[in-house]
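Colleague: sequence? don't have it. structure:
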């Protein structure tokens, strides 16, 4: 089971990088998702993380393909308001390209477009999507059965909800506020990993 | 004298592209400077403009290097919150790279970093920088004399202020709201060109 940590866009560069440095060794991927930050701020985040030992292979840049290319980072994640998978693949075939999807049809289309993995959500209730009905475990399971590429679940993933995941053929989970906005991000991530372990999930499945 | 038209970030995709299509033939460069628009919206703007006959060589993408690369556009403009000239040059040596500067020291540094041209301002009073003192024609002239690369003046460039430019060795002017937010963008641009002509400026000096 892969663990993706997603930044929440709410913290200044110094605080955010401090928090990421607390947890990077325990995470498989760290998504830099900072919609309101400038290119130079995201460049600074990447620079601080790499110079402090974070593996380039763990960093996933959300939307800002240019930041990924300038820093020769191997992973890009495309939200719905970003580039199409095809355009990015054409420019840089070797990139690992993820895509956010919110339905089975979007999932099938993104797989066809050549995405390397999908991020589907939000699965459970979450404060960051407080006014929207969660899409639920049933649709998650349906998508996992319908595509060949890995599906990562996002939205309301906390120790309590992880207990609902066994039986769903999900390849990973993505966690935002529970870890990155926690008073103790490292402890929060260990709680997540403990719940995964209790659920019978391996550390990493692909 | 080059004429750069800069978008003002205030118009939806449809209205903005309609306005650009009214004036593109009269302009040397059109800067797509849409800080609040998503990558997919900027991609849509570029797509509409190109499919309606706007020359790729006239389009300058502000900040979003990835949009320039994906569309194989030849020009990028870097505001202060964007990438360094050096990083962009390293990734894509053939790009024409512009840089916004606000002082002589920034101008000299950007020239040293390898910028192809500079955008200096704001030169005159302008509503878009209402609370800031304009940097004035004297500093503009000083910069034009101090660097070898072209300097484009921005900020409060309207028919009245253009009359103050003769004698200053400026390579071009950049106009935002006077043209793009005008009720009649084409007429506004013709007024600008008429004032340049009266000032003794050639259509294009480099």
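Modeller: Okay, I see it. Keep in mind that what you see is a predicted model, and the values were worked out from it rather than measured.
Colleague: now do the strands in chain A.
Modeller: Per DSSP state E, chain A has strands spanning A:2-6, A:29-32, A:59-62, A:75-78, A:96-101, A:117-120, A:151-154, A:172-175. These are given in chain order.
Colleague: surely residue A:39 touches residue A:66?
Modeller: Yes - with contact taken as Cβ atoms under 8 Å, residue A:39 and residue A:66 are classed as touching, separated by 6.8 Å. Quick note: C-beta positions are derived from backbone N, CA and C, even for glycine.
Colleague: okay, and the common contacts of those two?
Modeller: When contacts are counted by Cβ atoms under 8 Å, 6 or more residues apart in numbering or on different chains, the set common to residue A:39 and residue A:66 consists of B:65, B:83.
Colleague: nearest to chain B, out of the strands of chain A?
Modeller: Closest approach to chain B among the strands of chain A is made by strand A:75-78 (8.7 Å; Cβ to the nearest Cβ).
Colleague: starting from that closest one, tell me which strands it pairs with and how they run.
Modeller: Neighbouring strands of strand A:75-78 in its sheet, by DSSP bridges, are strand A:59-62 (parallel), strand A:96-101 (parallel).
Colleague: re earlier: Throw the strands of chain A into JSON lines and include mean neighbour count and distance to residue A:53, thanks.
Modeller: JSON lines is the format used below for the strands of chain A (neighbours: other Cβ atoms under 10 Å in any protein chain shown; distance: least, Cβ to Cβ, whole Å):
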{"stretch": "strand A:2-6", "mean neighbour count": "23", "distance to residue A:53": "16"}
{"stretch": "strand A:29-32", "mean neighbour count": "23", "distance to residue A:53": "13"}
{"stretch": "strand A:59-62", "mean neighbour count": "24", "distance to residue A:53": "12"}
{"stretch": "strand A:75-78", "mean neighbour count": "25", "distance to residue A:53": "18"}
{"stretch": "strand A:96-101", "mean neighbour count": "22", "distance to residue A:53": "21"}
{"stretch": "strand A:117-120", "mean neighbour count": "25", "distance to residue A:53": "25"}
{"stretch": "strand A:151-154", "mean neighbour count": "25", "distance to residue A:53": "25"}
{"stretch": "strand A:172-175", "mean neighbour count": "24", "distance to residue A:53": "22"}
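Colleague: rewinding a little: any chance of the strands paired with strand A:75-78 in a markdown table, plus mean pLDDT?
Modeller: As requested, those are arranged in a markdown table below (pLDDT from 0 to 100):
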| stretch | mean pLDDT |
| --- | --- |
| strand A:59-62 | 98 |
| strand A:96-101 | 98 |
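Colleague: who in chain A is up against chain B?
Modeller: With the criterion set to Cβ under 8 Å from any Cβ of the partner chain, chain A comes near chain B through A:38-41, A:43, A:63-66, A:69-70, A:80-83, A:87-88, A:90-91.
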